[in-house]
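S.K.: Below are the sequence and a predicted model; questions follow.
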Number of protein chains: 2
Amino acid sequence: MLGARCLLQALRSCSSAPCARPRAPAALSVRDALRARGASGERVKVQGWIRSARSQKEVLFLHVNDGSSLESLQVVADSSFDSRELAFGSSVEAQGQLVKSPSRGQNVELKAEKIEVIGNCDAKAFPIKYKERHPLEYLRQYPHLRCRTNALASILRVRSEATAAVHSFFKQLGQHLHHPLALDSGFVHIHTPVITSNDCEGAGELFQVEPSSKTKVPKENFFNVPAFLTVSGQLHLEVMSGAFTRVFTIGPTFRAENSQSRRHLAEFYMVEAEISFVESLQDLMQVMEGLFKSTTMMVLSNCPKDVELCHKFIAPGHKDRLEHMLKNNFLTISYTEAVEILKQASENFTFTPEWGVDLQTEHEKYLVKHCGNIPVFVINYPLALKPFYMRDNEDGPHHTVAAVDLLVPGVGELIGGSLREERYHFLEQRLARSGLTEAYQWYLDLRRFGSVPHGGFGMGFERYLQCILGVDNIKDVIPFPRFTHSCLL
Amino acid sequence: MLGARCLLQALRSCSSAPCARPRAPAALSVRDALRARGASGERVKVQGWIRSARSQKEVLFLHVNDGSSLESLQVVADSSFDSRELAFGSSVEAQGQLVKSPSRGQNVELKAEKIEVIGNCDAKAFPIKYKERHPLEYLRQYPHLRCRTNALASILRVRSEATAAVHSFFKQLGQHLHHPLALDSGFVHIHTPVITSNDCEGAGELFQVEPSSKTKVPKENFFNVPAFLTVSGQLHLEVMSGAFTRVFTIGPTFRAENSQSRRHLAEFYMVEAEISFVESLQDLMQVMEGLFKSTTMMVLSNCPKDVELCHKFIAPGHKDRLEHMLKNNFLTISYTEAVEILKQASENFTFTPEWGVDLQTEHEKYLVKHCGNIPVFVINYPLALKPFYMRDNEDGPHHTVAAVDLLVPGVGELIGGSLREERYHFLEQRLARSGLTEAYQWYLDLRRFGSVPHGGFGMGFERYLQCILGVDNIKDVIPFPRFTHSCLL
């Protein structure tokens, strides 16, 4: 990071506004306290919530957690403290000495001189019970409290780290995919719009947006055109890929699908990238594989304990499955090969595999298993199955487009991408055939003025988290899930 | 960054899938080519769009830009190349030697051996004209093409850097605000929901969300409750601040306001943070000032040329104004003091300043000028003016809450924040008085179970960009602006 040290110095000198009153030393996070292995005897203040309280002879042991890590800090107090108030779920502030811990499983503990209860917890009414491991379905009823459990807190910390890792990949780590002289991967981050007037692409799964009846603006024509929630930032990223050769976004996307599946949400996040001057699907697949592996390795390195909790208690055995994905090169088969494999399978599919028909979830599952549970790229899909913007392969007799889906174990389709049709006349004909020429004049414009071969992809961020953590239901990897019949808080 | 080097090594070994065909060496970005000062004689490939083409005697000079930097790379070709095709706006690929440039203002240039036109540009129809500096209002008509101008490309690169800097501040740079032993600032990033069933807070400026008429789901009750686009992630961040002591988000927020102002959008981004165990507004103000200064200094350090372009051509004189903001400690006055200052002003205000009435834009402007164009925190607003969640100061005779607004030159209100009412009975009474008890039972719950003093703030991200760049109209600092009567693309 350029000049981080001198930034910090500058900040140190500016951070105390003239009005600031003299304050007690700032509190130390539990995570930092646990890492301060050499700092024995240091006097510190720690704040958090009591995860367990245990009286033993004349000593009281508390475990205080503040969300900075899965681990809690053990606070040791003598019996002069009132143990009734120091109960599970209460918030406390503890001051004392950070000392080497004689207990197993921790390096340091806090020898408390002062413990103050900040907020009591009404234990009877609290839906989270001491020492119980609540099923994830039970916790879903309490979206405002479930983050106070180890499981959800770990998942959310992983989500936060994965978000940072995605940014980091596109900014720096992806550099190895480019020229040896490249100093960074040079992706520009773009906030693609949430509200859009593009209504043709998603065909019937859109949410519409209008001012609520309480507003003072005329309802029908706030934007002068019908407005919808975006189903993908792709077309807007394509606008940008006519000016920046590499762009990406991570943002919310929406589908008004009537689905109760464990893999679908009405509001979910997509990591999308668009790259100009790509020459082949392989160019894209390299970035896709790099994104998956780099992000995952950063998450594993930055919050190993949180991942371990999931692999231990939520999805036993998933650690090995993930390692298997990371250490192998992803495979590639064509759609045509995939259909052949499915036709030769001894499995009884509900949907008969046939060239020209979409792959079903059962097919995707079989293909991944067939590939030894290594993620597999399926490329070159039938033209008739795919939207107008995918690049025509001009092949035959089976006419295909340069599309790619990445299938992963447990989840199925994780990433979808394609080369885009950059040739004006090809695109013009495809749009005309769908009656979309007028609506997509602006999109044609991108090919009239300095068109470039380009391509991109979108990765479902929640599915990615499901895939690395082994979490079965997508509702458990997003802070506030929205789906048919549910929009809590 | 933890283990970045070994991540890269691991990635290098995994990045070539077994299917990958042998490829030509990857292209170098213009930015990296320009930085490769020592690498004279290196053979490289550069791809981008022609920003200028000039024939001189027997030599053709092209400037090729690929969006990786404001600067273009000069490509020098002999007259055997067809200069008619090598025209403004076309996309090209140039191969040759990177050599020291004899020209002024650049260190290196590309001695072309091969130049290929990838996509022609229909110059007559292209709304962006060679060598013209188009006004920003003109460019707004072409949201799909305006990113191809220097001005918009620079603003969007700054936006991308500022996004990264915000993440960086909350992850690392903010650490100086905490304990000396702190290793990072420990903020957890939370994706707060876009669709929400909270409808009470924004009072009449909400967008409502429903499945479009084309969907197969029953329109009225997709979510079983009326659903809206969020006006702020605050309440959802407060949920999280009962489990993590520091959380932040950067995401889209919405207002269905009928406004044509240069400071308002229907869809805009907010940087929001919530901090548990804060003791005073000063705690928050320190983070707010740190966020502003640290983010700005990172942007200045990472894309100085892009900022310079704005300060030179869009807002002359703004460089000094920004430096003035950065080098001074932000000021603090109370709302009551602010009203006194306004009352004593010789200025003729349209709205007479009076205790208990909201500050108007004209008042905010005057206050900032009165403070010598240094950003100023206004604190402790009348209770009656502010929402139920702001913490009661229990003062008198003028009853106030612990709210804070940061006013900055040119923009007015940039950040708004407050301590939140963490005391169950205070909050209960405020909710009851507004008839909101039932709707906010979940919010009361947060105070029943281990409540902690906490506070937070939200910074308008577009206003922040306006403030540092001096861009007058908010529509020019967001890729695709949405406002009354306009939702292009």
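M.R.: Thanks, I have it.
S.K.: residue boundaries of the helices in the stretch 251-400 of chain A?
M.R.: Using DSSP state H, counting those that start in this stretch, the helices found in the stretch 251-400 of chain A span residues A:281-302, A:304-309, A:318-327, A:335-344, A:361-370.
S.K.: For residue A:111, the count of nearby residues, please.
M.R.: 18 (other Cβ atoms under 10 Å in any protein chain shown). From N, CA and C alone the C-beta is placed, and that goes for glycine too.
S.K.: tell me what the helix or strand hosting it is packed against?
M.R.: For residue A:111, the host element (DSSP states H and E) is strand A:108-119. Helices and strands touching strand A:108-119, by 3 or more Cβ pairs under 8 Å, 6 or more residues apart in numbering or on different chains; DSSP states H and E, are helix A:30-35, strand A:42-56, strand A:59-65, strand A:73-78, strand A:91-100.
S.K.: Is it possible to get CSV of these that adds mean neighbour count?
M.R.: CSV is the format used below for these (neighbours: other Cβ atoms under 10 Å in any protein chain shown):
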stretch, mean neighbour count
helix A:30-35, 22
strand A:42-56, 19
strand A:59-65, 20
strand A:73-78, 21
strand A:91-100, 20
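S.K.: Could you dump these into a markdown table with mean pLDDT added?
M.R.: What follows is the helices and strands packed on strand A:108-119, written out as a markdown table (pLDDT from 0 to 100):
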| stretch | mean pLDDT |
| --- | --- |
| helix A:30-35 | 91 |
| strand A:42-56 | 92 |
| strand A:59-65 | 95 |
| strand A:73-78 | 94 |
| strand A:91-100 | 94 |
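S.K.: wait, which of the ones you listed is closest to residue A:456?
M.R.: Comparison of the helices and strands packed on strand A:108-119 against residue A:456 by Cβ to Cβ identifies helix A:30-35 as nearest, at 36.9 Å.
S.K.: and that closest one, anywhere near chain B?
M.R.: Yes - using Cβ under 8 Å from any Cβ of the partner chain, we find that helix A:30-35 touches chain B at A:31-33, A:35.
S.K.: Report the backbone C-alpha coordinates of that helix in PDB.
M.R.: Listed next in PDB are the C-alpha coordinates belonging to helix A:30-35 (Å, rounded to 0.1, in the frame of the first residue of the first chain):
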ATOM      1  CA  VAL A  30     -10.500  -9.400  22.100                       C
ATOM      2  CA  ARG A  31      -8.600 -10.500  18.900                       C
ATOM      3  CA  ASP A  32      -5.800  -8.100  19.600                       C
ATOM      4  CA  ALA A  33      -5.700  -9.100  23.300                       C
ATOM      5  CA  LEU A  34      -5.400 -12.700  22.300                       C
ATOM      6  CA  ARG A  35      -2.600 -11.900  19.900                       C
END
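S.K.: what does it contact?
M.R.: Helix A:30-35 has contacts (Cβ atoms under 8 Å, 6 or more residues apart in numbering or on different chains) with A:44, A:46, A:48, A:64-66, A:68-69, A:71-73, A:98, A:106-108, A:110, B:179, B:181-183, B:186.
S.K.: what stretches of the stretch 101-250 of chain A score poorly on pLDDT?
M.R.: Within the stretch 101-250 of chain A, the ranges that satisfy pLDDT under 70 run A:173-183, A:200-204, A:216-220.
S.K.: from the stretch 151-300 of chain A, which residue is nearest to chain B?
M.R.: Proximity of the stretch 151-300 of chain A to chain B (Cβ to the nearest Cβ) peaks at residue A:244, 3.3 Å away.
S.K.: quick one: that residue is in a helix?
M.R.: No - looking at residue A:244 with DSSP: H, G, I helix; E, B strand; the rest coil, it is coil, so not inside a helix.
S.K.: quick one: contacts for it?
M.R.: Residue A:244 touches A:188, A:276, B:66-68, B:147, B:153, B:156, counting by Cβ under 8 Å, 6+ apart.
S.K.: Need phi/psi at the closest residue to residue A:305 other than its chain neighbours.
M.R.: Excluding the flanking residues, the one nearest residue A:305 by Cβ to Cβ, 6 or more residues apart in numbering or on different chains is residue A:70, at 4.6 Å. Backbone torsions of residue A:70, given as degrees, to the nearest 10, read phi -60, psi -40.
S.K.: Out of the contacts of residue A:244, name the ones that lie in strands.
M.R.: Among the contacts of residue A:244, the ones falling in strands (DSSP state E) are A:188, A:276.
S.K.: Where neighbours are concerned, which of the contacts of residue A:244 has the most?
M.R.: So for these (other Cβ under 10 Å), the most neighbours sit at residue A:276, 29 neighbours.
S.K.: before we move on, what SS does residue A:225 have?
M.R.: coil.
S.K.: contacting residues for the residue nearest to residue A:305?
M.R.: Counting by Cβ under 8 Å, 6+ apart, residue A:70 makes contact with A:150, A:153-154, A:157, A:305-306, A:309.
S.K.: try 7 Å
M.R.: A:150, A:154, A:305-306, A:309 (Cβ atoms under 7 Å, 6 or more residues apart in numbering or on different chains).
S.K.: What is the most widely separated pair among the residues you listed?
M.R.: The two members of the contacts of residue A:70 with the most space between them (Cβ to Cβ) are A:150 and A:305, at 10.1 Å.
S.K.: So these two - more neighbours on which side?
M.R.: residue A:150 (16 against 11).
S.K.: I'd assumed residue A:310 was in contact with the more buried one.
M.R.: No - counting by Cβ atoms under 7 Å, residue A:150 stays clear of residue A:310, with 10.3 Å between them.
S.K.: mind pulling up the phi and psi values for the closest residue in space to residue A:117 that isn't next to it in sequence?
M.R.: Distances taken as Cβ to Cβ, 6+ apart place residue A:85 nearest to residue A:117, at 4.8 Å, with adjacent residues excluded. Phi and psi for residue A:85, reported as degrees, to the nearest 10, are phi -80, psi -30.
S.K.: Return the per-residue confidence for residue A:85.
M.R.: Note on residue A:85: pLDDT of 83.
S.K.: now swap in residue A:19 and tell me
M.R.: For residue A:19, the model assigns a pLDDT of 35.
S.K.: Contacts for the helix or strand encompassing residue A:465 next, please.
M.R.: Element membership for residue A:465, per DSSP H and E: helix A:461-469. Helix A:461-469 is contacted from outside by A:155, A:158-159, A:162, A:250, A:263, A:265, A:268-271, A:296, A:299, A:307, A:310, A:314-315, A:322, A:408, A:410-411, A:414, A:471, A:474, A:477-478, using Cβ under 7 Å, 6+ apart.
S.K.: Many thanks, we can stop here.
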